[in-house]
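[1] quick one, what's the 3D model for this:
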Amino acid sequence: MHMLVKIVSAVLFLYLVYCGLLFLLQRQILFPRHQIEVPRETDKNIPGLDKIWLDTNYGKVEAWFLPPAPNHSKGLAPAVIFAHGNAELIDFWPEELKKFTSLGIGVLLVEYPGYGRSEGRPSQRSIAEAFVTAYDALIARKEIDPTRIVLFGRSLGGGAVCALAAERPSAALILLSTFTSVQALASNFLVPGFLVRDPFDNLTVVRSYPGPILVIHGRHDSLVPHEHGADLYRAAQRGKMLTYDCRHNDCPPSWDTFWRDVESFLLDAGIIKNSD
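    So this is what the prediction gives:
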C-alpha cells in the first residue's frame, strides 16, 4: 500500500508539472508567431492592394484590402473578412483569395497582433479587438455593402471570425478546418479546460449565429479532428457541411472544387448573384 501511494503521488506530481508547463507555454503553442519568417516583399504586385494600419489598444495592426475586380463595379460590393491559420501570415493568402475579387467581392485580410509587421501580442482579446476594428474600417468604405459581409476563418482563424461574429453583424460565416473550442482541443492532451487562457468558444457563437454557415473539414484531420467540424455543423441554425478527403494542412485538396463549393454557398446565401 505504501508503494502504491508513492507511485500515485509521483504520477500526480508529474501530471501537475505537465499541466503547469502547458499552462505557461500555451500561447507559444497556440500562436507560434516567432517561427514564421516574414517575407521581405509585402506587395507582390497585387493590383489595387490597399495596405491599412489599424489603431488598437495593443498597437498598430496591419490589414490588406483587395478590391473587387473592375468588371464588378456596379453598386455596393460585398466583402469577405479573412482570418488565417496560427502558423501563417496575411502575406501567404492574396494570390489564392483573389478568386473572391473575380466574383465581385472585396477581401480584407487582417493580421493578428504580434504577427508579421503588426505590434502587440496575440491573445483572444487582442485578436478580437483587431478584427472588430478592421470590420468597422471595412464597412466605412464607400464601395462596400455593410449588409453583405462574410466572415471566413481557417483553423485558428475560425476562432478569430467567431469572436468577431459575437460582436458585429455579418451575412454569412465560413469555417475551414475549425475547432469547437480550444478547451475541447486541450482535453485531447488531458489538460483541464479551466487552464486555457484563450478559449475561443466557437461552438457557443455558432449556436446563436442567425445567418448561413458553411463548415468545411478534412475527413482525416488529426490536428483538429473531423468531429469538431461535425459538431459545429450540428449546432448551426442554418448550416451546411462539406467533408473533403484530406488532413489539416492540405485542406482543401482541390482549390477548384473548393471555389465551386464556396461560390454555390454564396449564391444560395444571396451574397452574390448569378452572372447569367
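
[2] ranges for the strands of the stretch 151-276 of the chain?
    Under the criterion DSSP state E, counting those that start in this stretch, the stretch 151-276 of the chain contains strands at 172-176, 213-218, 239-244.

[3] among those strands, which comes closest to L232?
    strand 213-218 (5.1 Å; CB to CB). Heads up, the C-betas are built off the backbone N, CA and C, glycines and all.

[4] which one of the strands of the stretch 151-276 of the chain lies nearest to L14?
    Using CB to CB, these put strand 213-218 closest to L14, at 33.7 Å.

[5] note down every partner strand of that closest one and its orientation.
    Partners of strand 213-218 in the sheet, by DSSP bridges, are strand 172-176 (parallel), strand 239-244 (parallel).

[6] quick check: which element contains A128?
    Taking DSSP states H and E as the definition, A128 sits inside helix 124-139.

[7] may I see the buried residues of that helix?
    124, 126-135, 137-138 (16 or more other CB atoms under 10 Å).

[8] residues in contact with it: which ones?
    Under the criterion CB atoms under 8 Å, 6 or more residues apart in numbering, residues 52, 54-58, 61, 63, 65, 79, 81, 83, 106, 108, 110-114, 118, 120, 144, 146, 149, 159-161, 163-164, 167-168, 197-200 lie in contact with helix 124-139.

[9] repeat that for stretch 193-206.
    Stretch 193-206 is contacted from outside by 19, 22-23, 26-27, 30, 123-124, 156, 158-159, 162-163, 165-166, 173, 175, 178-184, 186-187, 213, 231-232, 235-236, 239, using CB under 8 Å, 6+ apart.

[10] repeat the analysis, applying 6 Å as the threshold.
    23, 123-124, 158-159, 162, 165-166, 180-183, 186, 232, 235-236 (CB atoms under 6 Å, 6 or more residues apart in numbering).

[11] of the residues you listed, which is the most crowded?
    Among those, the one with the most neighbours (other CB atoms under 10 Å) is G158, at 31 neighbours.
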